[in-house]
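In: The sequence isn't on hand, but the structure is:
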Ligand SMILES: [Zn+2]
Ligand SMILES: [Zn+2]
């Protein structure tokens, strides 16, 4: 077990790029609680190490995803809703739906700004079955390829065509490295970052050349880009071990944000196949519609996710059921808590 003490040491210096990023965050009204104490001081002693690494430009390829350097972290904010379609193709469904998540402010993703190799890699198999092990460049968490029952999600119909599904808090996440994101990021930028801080590239090297052989963790050293992982599309679907230092607490990488459930977790609906999930305009506002087939019939679920409440029209219902955000008492429990079932 690797248990690296996390040092909370804010850097007193700010590079110009970081200042710009922070200015953008201030303008957007987010991350206020995350400004280091030194933010108000003149940035006369700028040094490059306080900047975001060039690889973090990957986040800027996705609207709605924000990244900023703060102290020893890259802070990543997102809504948890990807830019691509979701849910279609799932044949093992727990009746969860994708709802926006508050991955912002104190609940933003934290990626080590200066990743460091551990003395020994930390294998993923049968560990880290709760929470994320990486964050994709589109702000969507990537979980262990094993679900919390230890099964390989990709092999049992739990995942959609993009490698994701929704957890018990209606939180969308992947269980494989989303290679399709390379269409947006290109070869030169990572498609994800492991929570040990090392970037994850697609099927080619950052310079566009064929992928060189990988070590047992699923990565390799590079004189220009440093240590990095690659997605391969093959088992184990995510890197096999953390090469870098990570802190494990309560069966997951620590720290990491929490998803916010608004309702009790769903039950498996045996034999259901999700056909589509798309944005729709309803008389009540902008919402979503999920179509699925079950026992030879088609059904639809509709919902509107507002700031303070979520309205869900269950199949056949004329009126929605209202779930208030923050109304559940188990927000602090983490996403994989409770009964198995993701
Ligand atoms: Zn490589
Ligand atoms: Zn899952």
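Out: Yep, it's here. Remember, predicted model here, so these are calculated numbers, not experimental data. Numbering: from 1, shown residues only. Ligands and ions are numbered 1, 2, ... in the order given.
In: What number of residues are in the vicinity of residue 107?
Out: 16 (other Cβ atoms under 10 Å). Every residue, glycine included, has its C-beta placed from N, CA and C.
In: Buried ones in stretch 135-153, by neighbour count?
Out: With burial defined by 16 or more other Cβ atoms under 10 Å, the residues of stretch 135-153 counted as buried are 135-148, 151-153.
In: for the closest residue to residue 218 other than its chain neighbours, what are its contacts?
Out: Counting by Cβ to Cβ, 6 or more residues apart in numbering, residue 239 is the residue found nearest to residue 218 once chain neighbours are left out, at 3.5 Å. Shown in contact with residue 239 (Cβ atoms under 8 Å, 6 or more residues apart in numbering): 124, 133, 134, 177, 194, 200, 217, 218, 219, 229.
In: how about 6 Å then?
Out: By Cβ atoms under 6 Å, 6 or more residues apart in numbering, the contact set of residue 239 is 217, 218, 229.
In: Likewise for residue 88?
Out: 160, 161, 274, 276.
In: and with 7 Å instead?
Out: Contacts for residue 88 (Cβ atoms under 7 Å, 6 or more residues apart in numbering) come out as 160, 161, 274, 275, 276, 277.
In: what about burial for the residues you listed, which qualify?
Out: Burial by neighbour count, judged by 16+ other Cβ under 10 Å, picks out 160, 274, 275, 277 from the contacts of residue 88.
In: which one of those residues is nearest ligand 2?
Out: residue 160 (11.2 Å; Cβ to the ion).
In: Would you agree the closest one is in contact with residue 85?
Out: No: taking Cβ atoms under 7 Å as the definition, residue 160 is not a contact partner of residue 85, at 8.1 Å.
In: Touching, residue 256 and residue 132? I think so.
Out: Yes: here residue 256 reaches residue 132: they are 5.7 Å apart, a contact under Cβ under 7 Å.
In: Return every residue with contacts to both of the two.
Out: Listed as contacting both residue 256 and residue 132 by Cβ under 7 Å, 6+ apart are residue 195.
In: Residue 210: how many residues sit nearby?
Out: Using other Cβ under 10 Å, the number of residues around residue 210 comes to 7.
In: Please name the nearest non-neighbouring residue to it.
Out: Nearest non-adjacent residue to residue 210 (Cβ to Cβ, 6+ apart): residue 204, at 6.4 Å.
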